[in-house]
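Q: This is the structure alone, sequence omitted:
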Ligand code: GRF
């Protein structure tokens with residue numbers, strides 16, 4: 001049986017598209033994206049998923065407490081029997097309920113070298129801080145914001161002329177690459193988590 005992935009997003013959905021391309025091209029082998037869910041019904045990523053023939057829908061969060069909302073998301077993911085969840089620009093903190101329902105099975109991508117610059121506008125934060133290198137991080141999701149064990153990172157040099165937008169665009173290219181690589185590692189199970197460290201049991205193929 002194909003390994004089933006669920007994607008959560010709130011916006012544009014370019015990381016979702018990169019993952020969908022990798023599944024279609026066999027870079028993520030023997031897998032399918034079974035469902036795309038969004039907290040926003042106007043998320044362009046939802047329309048992009050539907051255009052690819054992938055089941056996608058919004059579950060609006062208005063008026064719901066965090067855990068009550070997450071119960072809806074968890075039940076939609078369970079219905080599809082997903083074994084891995086990829087947050088791809090999903091602009092919500094998740095509850096302890098959600099994390100324990102899929103412990104060590106939820107990934108997130110963040111546009112900085114964590115633990116630097118968590119939260120919003122990481123590329124702007126990086127420029128304002130004056131760092132010479134930024135990048136992106138794929139990590140397991142726990143109850144804290146942008147804080148779970150790190151699976152992969154990629155470094156992107158900051159250029160003198162960078163604006164938040166130009167830096168974000170260069171980081172995004174690396175995001176698309178390492179998200180595929182991280183999903184492969186986790187689906188293949190060739191790693192172990194030792195405290196905060198994710199250790200690889202064998203060399204993995206680069207994307
Ligand atoms: C990406 O930069 C991702 O790292 C961050 O939100 C952005 C989402 O972009 N979490 P997209 O919707 O995948 O294009």
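A: That came in fine, so what should we check first? Worth saying up front: this structure is predicted, and the values here are computed from it rather than measured.
Q: switch to C-alpha atoms for all contacts and neighbour counts from now on
A: Fine.
Q: Does residue 192 touch residue 185 like I think?
A: No: using CA atoms under 8 Å, residue 192 is not in contact with residue 185, being 10.5 Å away.
Q: Please identify which of these two sits among more neighbours.
A: Using other CA atoms under 10 Å, the more surrounded residue of residue 192 and residue 185 is residue 185, with 21 against 12.
Q: and the one helix or strand residue 186 maps to, which residues are buried?
A: According to DSSP states H and E, residue 186 maps onto helix 164-188. In terms of neighbour count (16 or more other CA atoms under 10 Å), helix 164-188 has its buried residues at 167-168, 171-172, 174-187.
Q: same question, stretch 38-55
A: Residues of stretch 38-55 classed as buried by neighbour count (16+ other CA under 10 Å): 38, 39, 40, 41, 43, 44, 45, 46, 47, 48, 49, 54.
Q: Narrow those residues to those in strands?
A: Among the buried residues of stretch 38-55, the residues falling in strands (DSSP state E) are residue 38.
Q: that older thread, outside of the helix or strand following the helix holding residue 186, which residues touch it?
A: Next helix or strand after helix 164-188 toward the C-terminus (DSSP H and E): strand 191-194. Applying CA atoms under 8 Å, 6 or more residues apart in numbering, the contact partners of strand 191-194 are 149, 185, 198, 199, 200, 201, 202.
Q: sorry, back to before: among the buried residues of helix 164-188, which ones lie close to the ligand?
A: With the criterion set as CA under 6 Å from any ligand atom, the members of the buried residues of helix 164-188 near the ligand are residue 172.
Q: For stretch 200-207, give the mean pLDDT please.
A: Averaging pLDDT along stretch 200-207 gives 79.
Q: Need the contact partners of it.
A: Contact with stretch 200-207 is made by 27, 177, 178, 180, 181, 185, 190, 191, 192, as judged by CA under 8 Å, 6+ apart.
Q: Look up how far residue 123 lies from the closest residue to the fourth one other than its chain neighbours.
A: The shortest distance from residue 180 to any residue other than its chain neighbours is 5.9 Å, reached at residue 19 (CA to CA, 6 or more residues apart in numbering). Counting by CA to CA, to the nearest Å, the separation of residue 19 from residue 123 is 22 Å.
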